[in-house]
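Q: 3D, please:
(chains A and B)
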Amino acid sequence: MSQKVRTRYAPSPTGFQHIGGIRTALYCYLFTRKVGGSFILRIEDTDQNRYVPGAEEYIVESLKWCGIKCDEGSHVGGEYGPYRQSERKETYGIYAQQMLESGHAYYAFDTSEELTAKRKEYEAQKKVFKYDPSTRMSMRNSISLGKEETEALLAANTPWVIRLKIPADEEVIVEDLVRGMVRVNSNEVDDKILLKGDGMPTYHLANVVDDHLMEITHVIRGEEWLPSTPLHVLLYRALGWEDTMPKFAHLPLILKPTGKGKLSKRDGDKMGFPVFPLAWQHPTNEESSTGYREIGFFPEAFVNLLAFLGWNPGTTQEIFSMDELIAAFSIDRIGKSGARFDWDKAQWFNQQYIKEAAGSTLAEAAIKVAPDAYKGTDLDFLASACELMKERMTFINDIWEKGYFFFESPKEYDAKVVRTKWKEERVPLFHQLKEQFAALDNFSAANVEATVKAFMQEHGLGFGDVLQVFRVMLAGTKSGPPIFEMAELLGKTEVLKRMEESAKTFDEMKAA
RNA sequence: GGCCCGUUCGUCUAGGGGUUAGGACGCCAGAUUUUCAUUCUGGUAACACGGGUUCGAUUCCCGUACGGGCUACCA
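A: Next comes the predicted model:
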């Protein structure tokens, strides 16, 4: 009974997976690592119409960025391959055939048009059409038509699908690790298509067959699959695999911040934050979106915040490394209700990681996302700048945006400070201060500070009068990192240059 | 519509038959800081409703309301 745990993350490459998918993969991964099992990536590409080139690579890259390592999968191989359902097409046919022979499935010849018409007909009577024991005798299939006619239709190459023959009035019990026992009567389930007209399996068949063949022990997936789980149980039963059926755990959904509906890919950047781990550009249309990586998140922070959306350790600790998450994770601490995505809290997580990071770590991360103009920035200089800026950064990119003045002269100056503090009678004084700086041999923060303080005393000026002007001269803004350290980092030449430039601009601003 | 799942501060959540219902984010106030930020201190704010069960329910049961999911030859 001590069978090795095997789990899988099974996305379909019909688009770029968003944070909900990543969270599912993460929970699955944490659980698997915790118990020393194998984590598998399986690509469910049975829908050739919705296939998006590049989506599979995107999934692999996302997982890699998050630090989620696959033991088996389409990109790493393994003993249970192939791991791409399109490459296992024949396998599903065999099992569909098996169910046909055992009487658990049947051929259906109804066309899409006929089915649509049927649905409309029912809808007109305010009813919902369901292909099930109560209606299948009135449809065109191997049960209603009989053996002879079926064989004739097959021989004439009439298009067909294979449907599961749902038993009438049977109790189906799903034992869910998150929700407990869920009981459904088989009358609620319909005769789902197993094998489509193009010979490809539907999700249900492919999923059950692969989970069985790959010896998956735990199916961890989103709550949207809970309603079709009874169907899956019935499928295991029809295939004679019920005794080795995996355990199920259905995860609560991640909801939009408004609480209206689950977070979806289409939300893109519309909600004011990324819903994708990585930026992407659709291969065939103009659509694109940014990701957490590009916006300047640490993958560790991203993983951390995702872990807390629907799970908690039961302690007050909130900052967790991947290893700590693995150690602390357990399925029974997963919540049951959907969690709204909270952008404020998400930012807070990243801020925590930035605050704790060394300047050099920040610099390495920052240079990767640097705008073209700053790509050549010296790493040591950048590290020092990050060190001074990190307590006011939320994203790694903030060093390039909020802290751009480390790398070039201010683009604009705080107008209010200029208006109130750049007084005509004091202008010569600032030129004098500049000369005093010029005379410094060692342009250290301490020396700059001493110079400024002596200057203030000599002329009877306060901190606000001098420091605010000095700050605006160097950074353009009246808020920012410690000014003396910043001056030291910029260096004497640059400071003198900026003082000169800004003094001119200040004069012009006053004159205007 | 039918079926399934859910419901503790605005948000993420802890808790659990008798608690001052705890923490975090956000927000507000104060302290520190040359500015901003950080940090610290304090504050604001919740058991959806109605019936049971019980000496006692936020906690257990039932119903209602509300929210979410599913209802395709999509996953």
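Q: what bits of chain A have low per-residue confidence?
A: For chain A, applying pLDDT under 70 flags the ranges A:1-2, A:268.
Q: domain-wise, how is it divided?
A: Per automatic domain parsing, the structural domains of chain A span A:1-72+A:252-355, A:89-196, A:409-511.
Q: got CSV for those, with distance to A:Glu364 too?
A: The C-beta positions use only the backbone N, C-alpha and C, and glycine is treated the same way. Output for the domains of chain A, formatted as CSV (distance: least, Cβ to Cβ, whole Å):
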stretch, distance to A:Glu364
domain A:1-72+A:252-355, 11
domain A:89-196, 39
domain A:409-511, 18
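Q: the longest helix seen in chain A - contacts with which helices or strands?
A: Identified as the longest helix of chain A according to DSSP state H is helix A:492-511. Applying 3 or more Cβ pairs under 8 Å, 6 or more residues apart in numbering; DSSP states H and E, we find helix A:492-511 packed against helix A:415-421, helix A:427-438, helix A:463-475.
Q: can you tell me the closest non-neighbouring residue to A:Glu170?
A: A:Ser186 (4.1 Å; Cβ to Cβ, 6 or more residues apart in numbering).
Q: and A:Met271, what are its phi and psi?
A: For A:Met271, the backbone dihedrals are phi -90, psi 0 (criterion: degrees, to the nearest 10).
Q: before we move on, back to that, what's the angle between the longest helix of chain A and helix A:427-438?
A: Put simply, helix A:492-511 runs at 170 degrees to helix A:427-438, going by axes from the mean of the first three to the mean of the last three Cα atoms, to 10 degrees.
Q: what's near enough to touch the closest residue to RNA strand B within the stretch 51-200 of chain A?
A: Distances between the stretch 51-200 of chain A and RNA strand B by Cβ to the nearest atom of the strand are smallest at A:Gly197, namely 3.0 Å. Residues near A:Gly197 by Cβ atoms under 8 Å, 6 or more residues apart in numbering: A:159-161.
Q: filter those down to the ones close to RNA strand B.
A: A:159, A:161 (Cβ under 7 Å from any atom of the strand).
Q: now the buried members of the contacts of A:Gly197.
A: A:160-161 (16 or more other Cβ atoms under 10 Å).
Q: residue of the stretch 251-400 of chain A nearest RNA strand B, please.
A: Closest residue of the stretch 251-400 of chain A to RNA strand B, Cβ to the nearest atom of the strand: A:Ser337 (2.9 Å).
Q: which residue ranges of chain A form strands?
A: Using DSSP state E, the strands assigned to chain A run over residues A:6-9, A:38-41, A:72-73, A:105-108, A:161-164, A:171-176, A:180-185, A:193-195, A:218-222, A:247-251, A:254-255, A:280-281, A:288-289, A:339-340.
Q: so for A:Met499, which of those strands sits nearest?
A: Shortest distance between A:Met499 and the strands of chain A, using Cβ to Cβ, is found for strand A:288-289: 42.8 Å.
Q: tell me what that closest one is packed against?
A: Applying 3+ Cβ pairs under 8 Å, 6+ apart, we find strand A:288-289 packed against strand A:280-281.
Q: what's the strand it packs on in contact with?
A: By Cβ under 8 Å, 6+ apart, the surrounding residues in contact with strand A:280-281 are A:16, A:54, A:58, A:287-289, A:291.
Q: between those, which has the most around it?
A: With neighbours taken as other Cβ atoms under 10 Å, the top of these is A:Phe16, carrying 25 neighbours.
Q: and that one, what does it touch?
A: By Cβ under 8 Å, 6+ apart, the contact set of A:Phe16 is A:52, A:55, A:58, A:265, A:276, A:278, A:280, A:289.
Q: that one: what's its closest spatial neighbour, skipping adjacent residues?
A: A:Trp280 (4.6 Å).
Q: dig out what that neighbour forms beta bridges with.
A: On the basis of DSSP bridges, A:Trp280 is bridged to A:Ser289.
Q: how many neighbours does it have?
A: Neighbours around A:Trp280, by other Cβ under 10 Å: 22.
Q: over to A:Thr316?
A: 6.
Q: what does A:Gln17 give?
A: Each residue near A:Gln17 was counted by other Cβ under 10 Å, and the total is 24.
Q: one more: A:Gly73?
A: Neighbours of A:Gly73 under the rule other Cβ under 10 Å: 23.
Q: contact partners for it?
A: A:Gly73 neighbours (Cβ under 8 Å, 6+ apart): A:40-43, A:60, A:83.
Q: so which bits of the stretch 1-150 of chain A are right by RNA strand B?
A: A:10-12, A:14, A:44, A:46-47, A:49-50, A:110-112, A:115, A:119, A:126, A:128, A:130.
Q: now a ChimeraX select for only the buried ones of these.
A: Those of those that count as buried under 16+ other Cβ under 10 Å are selected in ChimeraX with:
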select /A:10,11,12,44,46,47,110,130
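Q: count the residues that sit near the nearest residue to A:Gly67 once chain neighbours are set aside.
A: Using Cβ to Cβ, 6+ apart and skipping the chain neighbours, the partner closest in space to A:Gly67 is A:Met322 (5.3 Å). A:Met322 has 20 neighbours, counted by other Cβ under 10 Å.
Q: just A:Ala439 next, same as before
A: Residues lying near A:Ala439 (other Cβ under 10 Å) number 9.
Q: again with A:Gly20
A: Neighbours of A:Gly20 under the rule other Cβ under 10 Å: 22.
Q: what of A:Ala373?
A: By other Cβ under 10 Å, 11 other residues sit near A:Ala373.
Q: return the most buried member of the strands of chain A.
A: Highest mean neighbour count among the strands of chain A (mean count of other Cβ atoms under 10 Å): strand A:6-9, with a mean of 26.
Q: what helices or strands is that one leaning on?
A: When contacts are defined as 3+ Cβ pairs under 8 Å, 6+ apart, strand A:6-9 sits against helix A:19-34, strand A:38-41, strand A:218-222.
Q: if you set the cut-off to 10 Å instead, what comes out?
A: helix A:19-34, strand A:38-41, strand A:72-73, helix A:203-213, strand A:218-222 (3 or more Cβ pairs under 10 Å, 6 or more residues apart in numbering; DSSP states H and E).
Q: residues of the stretch 151-300 of chain A that sit close to RNA strand B?
A: Neighbours of RNA strand B within the stretch 151-300 of chain A, by Cβ under 7 Å from any atom of the strand: A:159, A:161, A:179-180, A:182-184, A:188, A:193, A:196-198, A:200, A:202-203, A:223-228, A:252-253, A:255, A:259-262.
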